[in-house]
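J.: Quick one: sequence plus predicted model below, questions after.
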Amino acid sequence: MYSTKYIKPNSTSEALEAIKSMGEGKFLAGGMTLIPTLKQRLASPDGLVDISGCDLDSISDEGDTIKIGAMTKHASVAESGLVNKAIPALAKLADGIGDRQVRNRGTLGGSVANNDPSACYPSAVLALKAIVHTNTRSIQADEFFTGMFETALEENEIIEAISFSKPTKANYVKFPNPASRYAMVGVFVAQFNDGVRVAVTGAGEGGVFRHAEMEAALSSNYNADALSALEISSEGLISDLHASPEYRANLIKEMTKRAVV
Amino acid sequence: MNEVTKIDGIGSSVRRTEDKKFLTGKGRYTDDINKPGQVQAYFLRSDVAHAEIKSIDTKAAQSAPGVVGVFTGSDIAADKIGGPICGWVVPCRDGSSTKEPPHPLLAQGKVRFVGDAVAVVVAETMEQAKSAAELIDVDYNELTPVVDFVNADKGAQIHEEVPNNCYFDWELGDESATNKAIESAAKVVKLSVRNNRLVPNAMEPRSALAEYDSLDESYTLHTTSQNPHLTRLVLAAFMFAIPESKLRVIAPDVGGGFGSKIYVYIEEAVCVWASKKIGRPVKWTADRTQAFLTDCHGRDHVNDVQLALDDNNKIIGLRVDTVCNLGAYLSAFSVVVPTILHGTLLSGQYDIPAIYTNVKGMATNTVNVDAYRGAGRPEATYLLERTMETAAKEVGMDPAEFRRINFIPKDAFPYQTQVALQYDIGDYEPHLDKAMEMIDYSNFEKRRAEAAKRGMYRGIGMSSYIEACGLAPSAVVGALGGRVGQWESASVRVNPTGTISVFTGSHSHGQGHATTFAQIVADKLGIPMENVEVIHGDTDKTPFGMGSYGSRSLASGGSAISKAVDKIINKSKKIAAHLLEASEDDIDFKDGKFVVGGTDKEKAFGEIALAAYVPHNYPLETLEPGLEENAFYDPTNFVFPSGTHIAEVEIDPATGVVEVVDWAACDDFGNLVNPMIVEGQVHGGIAQGIGQALLEDAHYDENGQLLTASYMDYCMPRADDLPSFKVGYTNTPCTHNDLGVKGCGEAGAIASPPALINAVIDALSPLGVTDMSMPATPQKVWKAIQESQSVAAE
Ligand SMILES: Cc1cc2nc3c(=O)[nH]c(=O)nc-3n(C[C@H](O)[C@H](O)[C@H](O)COP(=O)(O)OP(=O)(O)OC[C@H]3O[C@@H](n4cnc5c(N)ncnc54)[C@H](O)[C@@H]3O)c2cc1C
């Protein structure tokens, strides 16, 4: 790790001021992704702005949505009574991330800002019509994820919270990469009065994506059988040591079937 | 005097006395040790697999902050420091010997794998050393890398001394008799198998801390070693040309080895060298990436097998042609593993009248391959047990019955195999029967049918393995090309109050010697275990010993301890005879007491000890005072643990996921000293075997880059990948050591991969699947299912 500055401000505005004062600074959330990157000398930011003191870790029921602060840890989401009541699938997703240690450090905001193509949360954001609230604006989920490790966030823009719409039904099923146990394919299915949304993570070369054909099929019939006749294309799917695009296509269909119960 | 409170002798499952410190995080490993004035070493490693070094510019690094020295291969060459040596070589078919290219401590002229050390930076802190290393400019002339070991003979030559990239081309057995058997056979079963490449992944990465004392011109090296005396010998005699007495090697707590910490690596030697050069203690600790790149890997074989059967399905011949990957340089035991520890095991548990094997050991631009838990024996067992299962299916016999009719019969021991070894004792049907009972083999088809109703494929597979452990009779080792003896040593010091210090040449890096060895001594002397302390891992304390690998600690090291204790008892009898005014022949030793036969006259062991050290009433004219004995035990044969493991799996056809649903292991390890520790070893071994069969695969791409260089891509077995194991035993005590013990450390890793792959194939056999390579990953299994279905559709 290259030596770098470390600052821990007490509010979002202080955090923004601090990061602007650095040439190229980085927000530090749970550090589960950022710190290993620094340790391997793959990044050398001018400074780290730790946002764990900025009061961004509350969970609230806003009627049609559940609003979760960016600094809320995976373990807190998994254990939250509010989340378990309104969107149990989201609590289940959080409970399946990494291991106990990771869940007690890693945060919602960190995961979503990072947009790892194998991360779990982005699929929930996309399927649950979430709105990403930053210090300057509110971004619709469909506009937020712009590619592998890429988002609509501007430089020094900070995620403050994310609002997830309450579905009538939802589920997340993940097929873990055998080694890392990140999602090799993860499917978040959410049913709303106006239709079904299916978001797939772990599989797309461009990161998380919605699957239009499965959404159409499930919107007209919310049943695993509705997917049987569908041919899932392997185009644009990731190819790596663990899974070919064809195998991933198979898993997308299979995980979706398992999610629709 | 201690009262005899309890006896935790041979056969009781005493809790491991060493676990308190390990479980409370108080273990003391090499990296925990710091010396005043210590500096850190960081190795700049090649990021290309095969290249000539045109130039290395270290100028900028030399003057970077905190740097106290930057060295390259030319500095090592100038000081005439040798490289690691190969501890065992074999003859080649053409009469030549194994080709042994030099392995310089830092690259000289060429780099041969990604991770090859090019330079070392020594600095005040590790971060400074790393930053300085980034300033070193190495100009490479890249050469075509050789990665595919099967075709390595056609690749660019890696070492001048190794034509066709072939280190050796070795054979064993009677080729013409075997070929004749194959020609005359009623049936020949043919199979090609691959033994996947594995990364050992000890929990503690390698580490070294070297210190030079300029006053008495001696070195002290703390290092992560399974055999500190061998490390000292190699460093002193072969690398530095200094007297052994000027080098003390300490292997303190060592967090796992699995073979990977047997060898002397370049890093520890460079630290020793640099500690004198710089005049300050030098420490190096690998991070996990370096461990992946530079720890010796394991396995990596392909084997072509031909098994000849007569009309009655009896085996009449076996031919195995093997090519194995030894990597960029020869390592200490990399030659013996695929030859002597592999070819000699090919008879398995079977009576095979003709066997021939040929093994070619190839050089590639990958890290060295050497012993890994089982070392050669898992490879032999895998190919044989896969072939046995395939043969049974091809001739339409139950695999258990096919094995049974080919077992070496119980009354045929000692049994001389056609591949050099003579098995002293064994009895194979009982462990086959017991394992079948443990897993309820006879009702398997019902379970298969029930699983099918749930849409799952259920399969069962077995493996009846043998291993040769307890390395080894030194004369045999010598005759087979070994350059070391394979005895073990022990020194038993009775302290004046009757407590015992045992100094062993074995080394514990997780095996629980402090407990097992203390039990042996406590049992033999009839004293409580807590009165026995086991000391290991320090060349200044323990007698010269060969260390721990090849499941030799108990059979060889334990036997040495037993012998030393016998000497203690013999001398004690003389002392007791004197004190009790009786003839030595009339003294019986039982339950910690020396008794004059037929009387109530007795002396406790502690009283004898005291008399030996306070010899006021003592036969000084005929007997030396004190009570301390050494023993060097050279076994007369290998020991031959055997057993049967049966695996049961369920496969989800939609995802290809293999779930191990049941496991029965029935092993014959001879007498058990601590059954709980043995069971732990069995569990760990099976876990590693399941890892090999389902999860683990070290994968280099065609450029020689290790793609699986972290846990993001290299898949280790986790607790939830494993079923609850059913473990059982049979016992035919070893005939040639006092304790009647064999060895249990590697059995699980040897037995399990073929059992599991046989089960996977059995599960898929309704689809016509007859083969599956390791690891049977979900993707691979799913693909096999897809392909079988498309074949069926045609
Ligand atoms: C062993 C292990 C296993 C894991 N398994 C999984 C898994 O199964 N599924 C899964 O989804 N993830 C997994 N993760 C990733 C984990 O969820 C991380 O916590 C997460 O990706 C990053 O969150 P963090 O809070 O640690 O962010 P950090 O590492 O602190 O930051 C990550 C990036 O986001 C930026 N950032 C952080 N917060 C904000 C914010 N509020 N606004 C703007 N930018 C911000 C940072 O500047 C940085 O660039 C795993 C991680 C580990 C170490």
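T.: Good, I have the coordinates.
J.: Identify the residues contacting the closest residue to the ligand within the stretch 201-350 of chain B.
T.: At 12.4 Å from the ligand, B:Arg288 is the closest residue in the stretch 201-350 of chain B, using C-beta to the nearest ligand atom. All C-beta atoms are positioned from the backbone trio N, CA, C, and that covers glycine. When contacts are counted by C-beta atoms under 8 Å, 6 or more residues apart in numbering or on different chains, B:Arg288 touches B:Pro205, B:Ser710, B:Tyr711.
J.: when you check the ligand, which of those residues turn up near it?
T.: Among the contacts of B:Arg288, no residue lies close to the ligand (C-beta under 6 Å from any ligand atom).
J.: Report the buried members of these.
T.: Those of the contacts of B:Arg288 that meet the buried threshold are B:Pro205, by 16 or more other C-beta atoms under 10 Å in any protein chain shown.
J.: Okay, strands next: where are they in the stretch 351-500 of chain B?
T.: B:355-363, B:415-416, B:422-423, B:457-466, B:488-494, B:500-504 (DSSP state E, counting those that start in this stretch).
J.: outside of the second one, which residues touch it?
T.: If I follow you right, that is strand B:415-416. Taking C-beta under 8 Å, 6+ apart as the rule, strand B:415-416 contacts B:Asp351, B:Ile408, B:Gln422, B:Tyr423, B:Gly426.
J.: To what extent is the third one buried, counted in neighbours?
T.: To tie it back to what came earlier, the one meant is B:Gln422. Number of residues near B:Gln422 (other C-beta atoms under 10 Å in any protein chain shown) recorded here: 12.
J.: Run through the residues that contact it.
T.: When contacts are counted by C-beta under 8 Å, 6+ apart, B:Gln422 touches B:Pro414, B:Tyr415, B:Gln416, B:Asn637.
J.: Now list the buried members of the contacts of strand B:415-416.
T.: Here, 16+ other C-beta under 10 Å leaves B:Asp351, B:Ile408, B:Tyr423, B:Gly426 buried among those.
J.: from these, which is closest to B:Ile262?
T.: Distance to B:Ile262 across the buried ones among the contacts of strand B:415-416 (C-beta to C-beta) is lowest for B:Tyr423, with 25.5 Å.
J.: Within range of chain B, give me the residues from the stretch 1-150 of chain A.
T.: Contact residues, the stretch 1-150 of chain A versus chain B (C-beta under 8 Å from any C-beta of the partner chain): A:Met1, A:Tyr2, A:Ser3, A:Gln40, A:Arg41.
J.: related to what we said a few turns ago, could I get the contacts of B:Arg288 in TSV, plus columns for secondary structure and pLDDT?
T.: Output for the contacts of B:Arg288, formatted as TSV (DSSP: H, G, I helix; E, B strand; the rest coil; pLDDT from 0 to 100):
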residue	secondary structure	pLDDT
B:Pro205	coil	98
B:Ser710	coil	96
B:Tyr711	coil	97
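J.: If we check chain A, which of the contacts of B:Arg288 are in contact?
T.: Counting by C-beta under 8 Å from any C-beta, B:Tyr711 from the contacts of B:Arg288 sit close to chain A.
J.: just curious, which of the contacts of B:Arg288 is nearest to A:Leu93?
T.: Distance to A:Leu93 across those (C-beta to C-beta) is lowest for B:Tyr711, with 22.0 Å.
J.: Now the phi/psi pair for that closest one, please.
T.: Phi and psi for B:Tyr711, reported as degrees, to the nearest 10, are phi -70, psi 0.
J.: For it, which residues are in contact?
T.: Taking C-beta under 8 Å, 6+ apart, we find B:Tyr711 in contact with A:Ala179, A:Ser180, B:Arg288.
J.: I'd guessed B:Lys656 sits against B:Met772; true?
T.: Let me fix one detail, which is that residue B:656 is Gly and not Lys. No. Under the criterion of C-beta atoms under 8 Å, B:Gly656 is not in contact with B:Met772, lying 10.9 Å apart.
J.: So the residue of the stretch 201-350 of chain B closest to the ligand versus chain A, what's the distance?
T.: 10 Å (C-beta to the nearest C-beta, to the nearest Å).
J.: And that residue, its phi and psi?
T.: With angles defined as degrees, to the nearest 10, B:Arg288 sits at phi -60, psi -30.
J.: To what extent is residue 159 buried, counted in neighbours?
T.: Assuming you mean chain A. Neighbours around A:Ile159, by other C-beta under 10 Å: 26.
J.: Oops, wrong one, chain B.
T.: By other C-beta under 10 Å, 19 other residues sit near B:His159.
J.: Now do it against the ligand, distance only.
T.: Taking C-beta to the nearest ligand atom, to the nearest Å as the measure, B:His159 falls 40 Å from the ligand.
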